[in-house]
Each structure stands twice: as C-alpha cells, then as structure tokens.
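Participant: Structure, please.
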Amino acid sequence: MQDRGHLLTEQRNQRSLSIDRLSIAQAVDLINAEDATIASAVAQAKPEIVRAIELVVAAFRAGGRLIYIGAGTSGRLGVIDAAECPPTYLSPPEMVQGIIAGGPEAMFRSIEKAEDSREAGAAEMDQRNVGPNDVVFGIATGGTTPYVHGAIARAKERGARTVFFACVPREQADDEADVSIRVLTGPEVITGSTRMKAGTATKMVLNMVTTISMVQLGKVYENLMVDVNSYACSKLVDRAIRTISRVTGVDRAAAARLLEDAKGWVKAAIVMHHRGVSRQEAEKLLHEHNGHVRAVLESA
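Facilitator: Numbers count the residues shown, from 1 in each chain. Purely as a prediction, here's the structure:
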C-alpha cells in the first residue's frame with residue numbers, strides 16, 4: 001500500500017491542532033480564515049487555468065465535449081458543474097459531462113474502493129467514445145487517484161486533449177495531461193479532508209472553466225444569461241423576462257410578449273426588438289454572428 005503521507009493535502013495543519021478544544025465560534029473563525037486563502041491559491045494557477053479554458057472553447061467550437069472525471073468529492077463536483085450547464089446556458093446535456101467513480105450511486109453514497117481502478121477509468125473513455133474533439137478533465141485533489149490517471153491515459157491514446165487538476169505540486173504526484181492545474185491550498189483543517197479547502201478550490205476552478213467557455217461561445221451578453229433555458233421552471237422564465245426588459249428597456253408585459261414571439265429564446269427576442277426583425281431573421285443574424293448578441297447589435 002502506497003504511503004501518501006508526503007502529499008500536501010495529507011499533511012497536518014499547524015493552525016488547527018487545537019480545534020478539538022475550541023469553542024464553536026472559535027472553530028468557525030479558524031475555518032473561515034483557512035478558506036480565505038483559497039482565492040489567492042487559485043490565482044497562482046491562472047496560466048494553466050487559461051490554457052485549459054482555451055482547450056475547452058476549441059473543443060466546443062469543433063463540436064466536441066468537456067468530460068469531467070473524478071472520485072468522491074472531486075467526481076461529485078464535476079457532475080454538479082456539468083448538470084448546471086443546460087439550464088444556465090441552454091447547452092445540450094452531452095456537451096458537458098461528469099463521470100464519478102462508482103457510477104450514479106456514488107453521488108449519494110460513498111463508494112471509496114471505486115477510485116482504485118485505472119482500468120475502470122479507461123473503460124469510461126471507451127464507453128463514451130472519447131475522441132480528438134473532446135477534452136477530458138481529470139480531478140484528483142490528492143493527485144494520485146488511479147481511476148483518474150487511467151482515464152487520462154486512455155483519453156490521450158484516443159486523441160483527446162486532457163487536463164488534470166490537483167491540490168498538490170507535481171513533484172509529489174505527477175500526471176501526463178496536456179495541461180496540469182495545481183492549486184496549492186495547503187493542509188486541511190481536518191487532516192486529509194479534501195472536501196474542505198481543496199473541494200472549494202475545485203468548485204471555483206470548474207465554475208471558471210464552464211462559465212468563461214460559455215461566455216466565449218456567446219451565451220452571455222454583458223453579464224446576462226441570454227441563453228437561459230426559459231422552459232425549465234418559473235424562476236428561469238422570470239429571469240428571461242427580466243433580462244429582455246433590461247436589455248431592451250421595454251416593460252415586463254412587453255418583454256413577456258417578446259419572449260413568447262421568440263419561442264422562448266432570449267437572444268432572438270433581444271435581436272428582434274433592437275433590429276426590428278422577425279424571429280426567423282433574428283435567428284439568421286445570430287447564426288451569421290456565431291450566436292453573439294453583441295456582434296449582431298454592433299453590426300447594425
């Protein structure tokens with residue numbers, strides 16, 4: 001059995017040695033202070049995060065996919081990020097995918113042994129027919145998860161671009177991905193509990209990856225969700241109407257009518273109003289400008 005005690009995420013945090021003696025209020029202060037260091041650790045990995053996003057944007061533009069893969073908390077965070085893209089950005093469910101070791105059941109109940117199989121990770125790449133247009137993004141905060149390394153290796157064999165995310169330096173646990181993101185969040189408050197600082201850093205980075213990629217694809221105008229799935233629920237219908245109202249300056253009732261005339265597509269509704277065109281013409285203009293509302297409006 002491998003001794004993982006040298007890993008940064010497995011070392012003891014000297015600032016939390018007495019957490020079992022602290023009051024609840026003191027413990028909250030301690031954890032909050034540790035969490036306050038995460039953003040700066042993420043900032044240190046900016047060049048690699050930028051490169052990873054460039055790979056993802058290129059994959060999307062080529063009709064490819066972003067596929068997260070991880071175990072435990074890492075896998076769950078990938079699944080969550082993938083699941084939130086279709087309602088937020090009207091992206092096809094297959095465009096961003098999340099795979100967790102142990103399968104769907106592992107989202108709700110820990111199946112720790114599943115992370116030990118390189119073969120299982122590789123098999124997931126074969127099952128999903130990973131290819132040259134795809135990006136496989138492996139998440140292993142401790143850096144050693146065999147399941148993730150097996151997936152990265154097979155994805156490369158199949159011609160995909162690869163990204164690896166960990167919270168330990170490469171000299172402690174190397175990888176063979178095209179881009180290696182290392183966010184050094186340091187020892188956890190509870191030794192080895194990477195669902196804490198490392199998990200928070202993971203969520204921050206994954207949010208950046210999909211958010212900025214979707215912005216680059218034109219799914220955001222200014223800072224508004226103009227590709228929101230307005231059929232998903234009443235909350236998103238309301239957001240779609242408010243978005244149209246803010247961009248066009250019309251009142252809520254008129255914005256609702258625009259949304260209906262655009263068959264629920266916020267982008268088309270905005271273009272229809274500003275350019276004074278039909279839904280079909282608005283859709284044509286958006287297609288000609290690669291889905292970017294700003295480009296359509298500025299071309300008038």
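
Participant: shaky segments in the stretch 51-200 of the chain?
Facilitator: When residues are selected by pLDDT under 70, none of them lie in the stretch 51-200 of the chain.

Participant: go with 90
Facilitator: For the stretch 51-200 of the chain, applying pLDDT under 90 flags the ranges 110-114, 116.

Participant: residues contacting the residue most central in space within the chain?
Facilitator: The chain has L206 as the residue nearest its centroid, 3.2 Å off, counting by C-alpha atoms, centre = their mean. If a contact means C-beta atoms under 8 Å, 6 or more residues apart in numbering, then L206 has Y68, L77, G78, D81, I139 as its contacts. Every C-beta, even on glycine, is put in place using the N, C-alpha and C of the backbone.

Participant: Mind checking which of the residues you listed land in helices?
Facilitator: Among the contacts of L206, the members found in helices (DSSP state H) are L77, G78, D81.

Participant: Of the residues you listed, keep whichever come out buried.
Facilitator: The neighbour count (16 or more other C-beta atoms under 10 Å) marks L77, G78, D81 as buried among the ones in helices among the contacts of L206.

Participant: still on that earlier bit, sec struct for the residue nearest to the centre of the chain, please.
Facilitator: helix (DSSP: H, G, I helix; E, B strand; the rest coil).

Participant: And for A43, the neighbour number?
Facilitator: 10 (other C-beta atoms under 10 Å).

Participant: pretty sure it belongs to a helix, no?
Facilitator: Yes: according to three-state DSSP, the state of A43 is that of a helix.

Participant: so where do the strands sit in the protein?
Facilitator: Secondary structure of the chain, counting by DSSP state E: strands at 66-70, 96-100, 135-139, 161-166, 179-182, 220-221, 224-225.

Participant: Run through the neighbouring helices and strands of the third one.
Facilitator: With contacts defined as 3 or more C-beta pairs under 8 Å, 6 or more residues apart in numbering; DSSP states H and E, the secondary structure elements packing on strand 135-139 are helix 46-61, strand 66-70, helix 72-89, helix 146-157, strand 161-166, helix 197-216.

Participant: quick one: the first one to strand 161-166, angle?
Facilitator: Spelled out, that is helix 46-61. Counting by axes from the mean of the first three to the mean of the last three C-alpha atoms, to 10 degrees, helix 46-61 lies at 140 degrees to strand 161-166.

Participant: Show me which residues of helix 46-61 are buried.
Facilitator: E48, I49, A52, I53, L55, V56, V57, A59, F60.

Participant: Export that helix to PDB, keeping only CA atoms.
Facilitator: What follows is helix 46-61, C-alpha atoms only, in PDB (Å, rounded to 0.1, in the frame of the first residue of the first chain):
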ATOM      1  CA  LYS A  46      -4.000  31.300 -13.700                       C
ATOM      2  CA  PRO A  47      -1.800  30.400 -16.700                       C
ATOM      3  CA  GLU A  48      -2.800  26.800 -16.600                       C
ATOM      4  CA  ILE A  49      -6.500  27.600 -16.000                       C
ATOM      5  CA  VAL A  50      -6.400  29.900 -19.000                       C
ATOM      6  CA  ARG A  51      -4.800  27.200 -21.200                       C
ATOM      7  CA  ALA A  52      -7.400  24.700 -20.000                       C
ATOM      8  CA  ILE A  53     -10.300  27.100 -21.000                       C
ATOM      9  CA  GLU A  54      -8.700  27.600 -24.400                       C
ATOM     10  CA  LEU A  55      -8.800  23.900 -25.000                       C
ATOM     11  CA  VAL A  56     -12.400  23.600 -23.900                       C
ATOM     12  CA  VAL A  57     -13.500  26.500 -26.100                       C
ATOM     13  CA  ALA A  58     -11.700  25.000 -29.100                       C
ATOM     14  CA  ALA A  59     -13.400  21.600 -28.300                       C
ATOM     15  CA  PHE A  60     -16.900  23.200 -28.100                       C
ATOM     16  CA  ARG A  61     -16.300  25.100 -31.400                       C
END
